[in-house]
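> test case, fold it:
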Amino acid sequence: MDDLRANADIKGNDLNAMLFQKFGLYMKKSSLYNMKNYVINELFGGHDKSYGLLPAYVKMIHETNTGSLAFCSYVDIGHPQRAMQFGTVFISFGGQVKGFLGGCRSLIGVDGAHLKGNYGGILLSVIAMDGNNEIFPLAYAIVDVENEENWAFFFWHLYNMVKDDGRNNWTIKSDRQKGVDLALKKVWPAAKRRYCCRHLSRNFKKAFPGPLMYILFWRACNATNPYTFKNTKERLRKEGKTACMKWFACLGSQSKWTKHKFDPSVCSDINTSNFVESFNSTLGVDRCRPVLTLLEGIRRVCMVRIATRQ
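Down below sits the predicted model:
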């Protein structure tokens, strides 16, 4: 049981090897996975029960942590035995909100990560940058799929969090996804946009392969003055012809992807969303555990990170 507590994502072959090393026996794969599921349910609780406890968890956050934003919604699916189905949950603790508004830049990175539990789902994360260019976890949510409706739910809560702060240069950084742009136009049209250039580079490399085009792409993205950008753009026009210029035109305004057009009032020229993905990678095995255990794991990670930097 202690071994599964330490690594609940252990594979069957490794678990069988551990059993043979300790007890000198092997188990059938079916029996092994049944035993593993039973132990995980005993340790972390079942996935079904965990979703049912979310309303009580949200209520407890409001009662014990003043200033926190926590919302949970369920959807009526019209099933005779199971009328309500989990929809979304959004959480941002009071300390995160105060720290973000009081000491972070106006750049907000958002990203989605797939959950590995019985029912799947998407974990949406919001990460800001503080004055030392270190990541600051701001909020997170769990939704069933990554679409325009769920992104709109997410950004609506973010907008209500910052609308009274007085800043008008809020900038959202993410991968180039249609759902994000459409949701922002609906609930937060004043927010500016930046695309993750690493994500763009993968698409660019498929359309225009070759090391030279790849180098020119990054030179254009990292150009910090109009002169460098103009020279690089001419090289791209020469090597990639009209098709290359059309590809860049489809990205929209240059302020979304090249540094020399970034808003200087944001005080950050980061052009990738690596800082958001690095936070998601710290969750590790928690992403395969029941949703309540996952949310508590994220809370602990955020609490330790913020407390150690006070």
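> tell me how far the nearest residue in space to Val75 that is not next to it in sequence lies from His157.
Nearest non-adjacent residue to Val75, counting by C-beta to C-beta, 6 or more residues apart in numbering: Gly87, 4.4 Å away. Every residue, glycine included, has its C-beta placed from N, CA and C. Counting by C-beta to C-beta, to the nearest Å, the gap from Gly87 to His157 is 14 Å.
> how about the strands in this protein?
Under the criterion DSSP state E, the chain contains strands at 69-76, 84-92, 104-114, 122-130, 135-143, 171-174, 192-195.
> which of these sits closest to Leu19?
With distances scored as C-beta to C-beta, the stretch of the strands of the chain nearest to Leu19 is strand 104-114 (30.0 Å).
> what's the pLDDT at the closest residue in space to Leu294 that isn't next to it in sequence?
Spatial nearest neighbour of Leu294, chain neighbours left out: Asp286 (5.0 Å); criterion: C-beta to C-beta, 6+ apart. The model reports Asp286 with a pLDDT of 72.
> and the one 3 residues further on, by the same measure?
As summarised for this prediction, Arg289 has a pLDDT of 77.
> how much space separates it from Ser125?
As judged by C-beta to C-beta, Arg289 and Ser125 stand 17 Å apart.
> so for those two, which residue has more residues nearby?
Arg289 (24 against 21; other C-beta atoms under 10 Å).
> can you give me phi and psi for that one?
According to degrees, to the nearest 10, the main-chain angles of Arg289 amount to phi -90, psi 170.
> you'd agree it is up against Gly117?
Yes: Arg289 sits in contact with Gly117 when judged by C-beta atoms under 8 Å, with a separation of 6.7 Å.
> sorry, back to before: quick one: the strands of the chain as JSON lines, columns for distance to Arg202 and mean pLDDT too.
As requested, the strands of the chain are arranged in JSON lines below (distance: least, C-beta to C-beta, whole Å; pLDDT from 0 to 100):
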{"stretch": "strand 69-76", "distance to Arg202": "34", "mean pLDDT": "87"}
{"stretch": "strand 84-92", "distance to Arg202": "29", "mean pLDDT": "86"}
{"stretch": "strand 104-114", "distance to Arg202": "15", "mean pLDDT": "91"}
{"stretch": "strand 122-130", "distance to Arg202": "20", "mean pLDDT": "92"}
{"stretch": "strand 135-143", "distance to Arg202": "23", "mean pLDDT": "93"}
{"stretch": "strand 171-174", "distance to Arg202": "15", "mean pLDDT": "94"}
{"stretch": "strand 192-195", "distance to Arg202": "12", "mean pLDDT": "94"}
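> surely Phe154 meets Asp111?
No: at 11.2 Å, Phe154 does not count as touching Asp111 under the criterion of C-beta under 8 Å.
> where do the helices sit along this protein?
For the chain, the helices defined by DSSP state H cover 2-6, 12-23, 29-44, 47-52, 54-64, 94-103, 148-162, 178-187, 197-207, 211-221, 226-249, 274-283, 291-307.
> buried ones in the fourth one?
For helix 47-52, the neighbour count (16 or more other C-beta atoms under 10 Å) marks 47, 50-51 as buried.
> how is the protein divided into domains?
Domain ranges of the chain: 2-44, 49-196+273-307, 198-266, per automatic domain parsing.
> pick the most buried one from the ones you listed.
By mean neighbour count, with neighbours taken as mean count of other C-beta atoms under 10 Å, domain 49-196+273-307 ranks first of the domains of the chain at a mean of 17.
> ok so, going back, overlap of the contact sets of Phe154 and Asp111?
Residues touching both Phe154 and Asp111 (C-beta atoms under 8 Å, 6 or more residues apart in numbering) are Leu124.
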